[in-house]
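Visitor: predicted model and sequence below, questions to follow.
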Number of protein chains: 2
Amino acid sequence: MKKPATIRDVAREAGVSVAVVSRVLNEGTGPVAPTTRAKVLEVIEDLGYRPRAAARELQQRTTSTIGLVVADLANPFFARLADRVVWEARARGVHVVVLTTQEDPHLEAESIATLIERSVASVIATPAGDNVDKWARLIDLGINVVFVDREIDQLEQIDVVTIRNDVSAEVATAHLIGLGHTRIGFISGPAATSTGRDRVAGFRRAMAAAGLSVDDELVHHIPFRGDNGSDSVGALLSMPEPPTALIVGNTAQVRSALRRIKQSEIHVPEDLSLVVFDDNPWTELVSPPLTVVRQPIEMLAVHSVDLAVGRAKGLLPEHRRRIEVDAEFVRRSSSAPARQSTPTT
Amino acid sequence: MKKPATIRDVAREAGVSVAVVSRVLNEGTGPVAPTTRAKVLEVIEDLGYRPRAAARELQQRTTSTIGLVVADLANPFFARLADRVVWEARARGVHVVVLTTQEDPHLEAESIATLIERSVASVIATPAGDNVDKWARLIDLGINVVFVDREIDQLEQIDVVTIRNDVSAEVATAHLIGLGHTRIGFISGPAATSTGRDRVAGFRRAMAAAGLSVDDELVHHIPFRGDNGSDSVGALLSMPEPPTALIVGNTAQVRSALRRIKQSEIHVPEDLSLVVFDDNPWTELVSPPLTVVRQPIEMLAVHSVDLAVGRAKGLLPEHRRRIEVDAEFVRRSSSAPARQSTPTT
DNA sequence: TTGTAGGCGTTATCAG
DNA sequence: CTGATAACGCCTACAA
């Protein structure tokens, strides 16, 4: 266990000053004679020298690290987002510190504190909805924040990358209406989240456009964590007049909801048409393959990293940016025409 | 965008020296009068002061950061591993820098270099199999390395956390043999990986124990990435005498394999019994629900973090540790008794 | 119990 | 083109 070589070791060994070594390390900082440069590079190689990140960060103001704050990586949506973010970041030479919050505002606050300590250049996050002041403080400290997927209304100055949630829900709803469904259930995220609200808004808009009224009992706002998807499905199916179609607009609860449906006597799509917000390869492997609203995760990630890194390098226009990407509606076999409406018992 | 307060600001504001502030920051470093401590804490709160991580790391030798090197987060196995690692690490007050390699040795080497620069305390990794010297160098620099899931034989001094791959495969195979199958296909990972080899070894052992010979054409070593699972299944099913049972021991290829089976005319489990290495909630939502070898990801993560953090704090015995955990065999409906063996066409 | 001063490894400023 | 040298923010002997 030998201690790592420092820039001084390299300088001595190469017979030059540390300043010169520093210059060959960060090209463009200053002039270096070709011969000297070669010599230095050779020594660096010999000693296996690597500049110490901590020392750099200390004297520069910023870091080549960005923080990624998501609820949890066990959720395929976040996992894939994280995967792309890490990948895109690497391509730009920056590292990613991943923090998970389990949708817990307290943990989120803690994560924010951590990111401040690490003086990251930027952070990409899917905010839970609270901690408005904490996020604001981050901005205040000059740390660039990019909200992805979700957003917080009060924080208007923060960059946002999101899918068109309302439109996506609208399309999904219109699809079902077109199939003759009139009683449609909608399971969404918490009303405190932008996605939870926007999707329901789109749903209502589509219903209204078709001249259909919405039975509020059919609209469920449920948390992302836990097994509420199952409960919601249970409640919906045991209604005196159950819906003939269901949209699960809460990606994290799709599995839970699906499990409950499988356990019941309900057949999809004969008894219940199903559309879910999820782009998970497994959705096409279940029976029947699910009609889905596929979120373009890659796009979300790319844009987020672009903003995060771009801001850090200060080469983006001052004003806050809001990037919306379209989700893709993929019709498969879980949605089908409504049966002749049978009068209530 | 005001610049962050430093320890000096706090000291001045509190009317004490930086040493005192430092002491209240790291309790136990030295004595501080209760009143002074209170005053300092108050100022810290007021100024929203946060010690700068880079400065700390610079003068201390080590970091409170560990690196996690996995192939990609889009793979649910790694995603869940990462999730637990991040979580367990947080519980111990350390951060995680996640790096992905896409199973590419070159990217892996790059990741290793990065981790050296960041002078992380430890790294948890699923090594691709090459880069033996690079990993060794990490050790040489005093950075603790923990291999999880896979390992590299030449690196005997490195801590390892893994499931009992051979036994798991043996159990799965014995299960199928018990159901009357004699021609069993096995799709495994690359022969260059420990998991790829060990699982096949277990498979062969079980076959031998039952007095069955193994047709080498039925054993496929395929990469983790790409769509080879589908190809393998295709090849297997189009053999003159196809297997009546199949074990997919390459988690990353389960989906690909499954998709191909669904596309074919083959019925599971009537025509083909199926057992896969995967613990993914979706495996029980497909039809039929899959019989699986469930990897205890949480255990792998916990032990890895324990080792990584424990080593970093130097409170673990010198000698290298090797932790093996049992995988859980979960029988569901994709495996069934073999039909009366029909003679070859 | 508290304060002073030196150093951690780099980069940046300014003379040579 | 190259070389001293002063920060960067924090910890830690060593003094007081």
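Guide: The structure has been received and is ready for your questions.
Visitor: which parts of stretch A:54-69 are buried?
Guide: Neighbour-count burial for stretch A:54-69, with 16 or more other Cβ atoms under 10 Å in any protein chain shown as criterion, is recorded at A:54-58, A:62-69. (C-beta placed from N, C-alpha, C; glycine too.)
Visitor: which of the residues you listed fall in helices?
Guide: If you go by DSSP state H, the buried residues of stretch A:54-69 have A:54-58 in helices.
Visitor: sorry, back to before: a markdown table for the buried residues of stretch A:54-69, including pLDDT?
Guide: Shown next, in a markdown table, are the buried residues of stretch A:54-69 (pLDDT from 0 to 100):
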| residue | pLDDT |
| --- | --- |
| A:A54 | 94 |
| A:A55 | 94 |
| A:R56 | 93 |
| A:E57 | 93 |
| A:L58 | 93 |
| A:T62 | 83 |
| A:T63 | 88 |
| A:S64 | 88 |
| A:T65 | 93 |
| A:I66 | 95 |
| A:G67 | 97 |
| A:L68 | 98 |
| A:V69 | 98 |
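Visitor: how about the residues you listed, which pair is most distant?
Guide: Greatest spatial distance among the buried residues of stretch A:54-69 (Cβ to Cβ): A:A55 and A:V69, at 26.6 Å.
Visitor: and stretch A:111-129, end to end?
Guide: In stretch A:111-129, first residue to last residue: 14 Å (Cα to Cα, to the nearest Å).
Visitor: do that stretch and chain B come into contact?
Guide: Yes - for a cut-off given as Cβ under 8 Å from any Cβ of the partner chain, stretch A:111-129 has contacts with chain B, namely A:113-114, A:116-119.
Visitor: now those residues: which count as buried?
Guide: Buried among the residues of stretch A:111-129 next to chain B (16+ other Cβ under 10 Å): A:114, A:116-119.
Visitor: ok, the residues of stretch A:111-129 next to chain B vs DNA strand C, which is closest?
Guide: A:S119 (13.6 Å; Cβ to the nearest atom of the strand).
Visitor: give me the distance between the residue nearest to the closest one when sequence neighbours are not counted and DNA strand C.
Guide: Closest residue to A:S119 apart from its sequence neighbours, by Cβ to Cβ, 6 or more residues apart in numbering or on different chains: A:T63 at 5.6 Å. If you measure A:T63 against DNA strand C using Cβ to the nearest atom of the strand, to the nearest Å, the figure is 12 Å.
Visitor: what of A:A172?
Guide: The value you get for A:A172 to DNA strand C, if Cβ to the nearest atom of the strand is used, is 52 Å.
Visitor: mind checking the SS state of that residue?
Guide: In three-state terms, and counting by DSSP: H, G, I helix; E, B strand; the rest coil, A:A172 is helix.
Visitor: kindly report the same for the one 5 residues further on.
Guide: When the structure is reduced to helix, strand and coil (three-state DSSP), A:I177 reads as helix.
Visitor: can you check the one 3 residues further on too?
Guide: Using three-state DSSP as the criterion, the local structure at A:G180 reads coil.
Visitor: residues in contact with it?
Guide: A:G180 makes contacts with A:337-338, as judged by Cβ atoms under 8 Å, 6 or more residues apart in numbering or on different chains.
Visitor: cool, and A:E270?
Guide: A:336, A:339.
Visitor: can you give me the strands for chain A?
Guide: Counting by DSSP state E, chain A has strands at residues A:65-70, A:95-100, A:122-125, A:144-148, A:159-163, A:184-188, A:219-221, A:245-248, A:273-277, A:291-294, A:322-325, A:328-330.
Visitor: could you dump the ones you listed to CSV with distance to B:I143?
Guide: Below are those laid out as CSV (distance: least, Cβ to Cβ, whole Å):
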stretch, distance to B:I143
strand A:65-70, 18
strand A:95-100, 16
strand A:122-125, 26
strand A:144-148, 30
strand A:159-163, 35
strand A:184-188, 46
strand A:219-221, 47
strand A:245-248, 45
strand A:273-277, 42
strand A:291-294, 41
strand A:322-325, 39
strand A:328-330, 44
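Visitor: ok, and the closest non-adjacent residue to A:I184?
Guide: Nearest one to A:I184, counting by Cβ to Cβ, 6+ apart, is A:A245 at 4.6 Å.
Visitor: cool, A:S333 as well?
Guide: A:S333 sits nearest to A:P288 (Cβ to Cβ, 6+ apart), 3.7 Å away.
Visitor: now, which of the residues of stretch A:111-129 next to chain B lie within helices?
Guide: Going by DSSP H, the helices hold A:113-114, A:116-117 from those.
Visitor: ok, of these, which one's closest to A:D271?
Guide: After measuring those against A:D271 - Cβ to Cβ - the closest member comes out as A:T114, at 48.5 Å.
Visitor: which ones are touching the closest one?
Guide: Contacts of A:T114 (Cβ under 8 Å, 6+ apart): A:67, A:99, B:95.
Visitor: now those residues in a markdown table, with distance to DNA strand C?
Guide: Converted to a markdown table, the contacts of A:T114 look like this (distance: Cβ to the nearest atom of the strand, whole Å):
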| residue | distance to DNA strand C |
| --- | --- |
| A:G67 | 22 |
| A:L99 | 26 |
| B:H95 | 20 |
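Visitor: export these as a markdown table, with columns for distance to A:D215.
Guide: Formatted as a markdown table, these follow (distance: Cβ to Cβ, whole Å):
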| residue | distance to A:D215 |
| --- | --- |
| A:G67 | 43 |
| A:L99 | 40 |
| B:H95 | 47 |
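Visitor: return the member of the residues you listed nearest to DNA strand D.
Guide: B:H95 (15.7 Å).
Visitor: excluding its backbone neighbours, what's nearest that closest one?
Guide: B:T65 (4.8 Å).
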